[in-house]
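Asker: Build me a model:
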Amino acid sequence: MSKRLIVSLLFILFTFTACSQNDSLKGDKPPKTLIQIGNETYETELGTYCWETKGHAECVDTAGPIELLKDEKKIPVKAGEVVTIVMNYSPKPGEIHLNEIVNNKESEVVIENNHFTVPIKKGIYYYSYGVYWRDKKDKHVSHGDAFYAFALEVK
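Answerer: I've put the predicted structure just below:
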């Protein structure tokens, strides 16, 4: 299946599932998310999202991580360094996924307690951090989801 078709289907799914009533999410759009490497913090770029607050849902579709970050400076990191993803928001998302894109190949990265380890091989790595706030009673209903993009350059 083509990436455009998959993105379109996901967008339609999120549009339908984001329309149930739930006032537990705050703000007009998903919370700011940062990455921390050592003592330094860096902003991520908010990409595609669906967000429901006060009975109103909005979905925004954007380009993928590579396109979103093409003109942005890549974050320099050392091989094997630990990265922490920081989201100061409550309630925390119930589901998270981290995908790494290198040489146009995407793979899921293991993330534990909001931490993951940078690859050892030098190069530029793009990441898509997907988070989901699902309904507690019906896991097929989403009250919000967001995808954040960032790029690391292993030196």
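Asker: now residue 152, which residues is it bridged with?
Answerer: residue 75, residue 125 (DSSP bridges).
Asker: and it, how far is that from residue 92?
Answerer: 24 Å (CB to CB, to the nearest Å). Every residue, glycine included, has its C-beta placed from N, CA and C.
Asker: the more surrounded of these two?
Answerer: Taking neighbours as other CB atoms under 10 Å, residue 152 and residue 92 compare with residue 152 leading, 22 against 12.
Asker: Pull the number of nearby residues for residue 129.
Answerer: For residue 129, using other CB under 10 Å, the count is 24.
Asker: Convert the C-alpha atoms of the helix or strand where residue 59 lies to PDB, please.
Answerer: Under the criterion of DSSP states H and E, residue 59 resides in strand 56-60. The C-alpha coordinates for strand 56-60 follow below in PDB (Å, rounded to 0.1, in the frame of the first residue of the first chain):
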ATOM      1  CA  HIS A  56     -14.700  20.000  19.600                       C
ATOM      2  CA  ALA A  57     -12.300  17.900  17.600                       C
ATOM      3  CA  GLU A  58      -9.800  19.100  15.000                       C
ATOM      4  CA  CYS A  59      -7.500  17.100  12.800                       C
ATOM      5  CA  VAL A  60      -4.400  18.600  11.000                       C
END
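Asker: Thanks again, I'm all set now.
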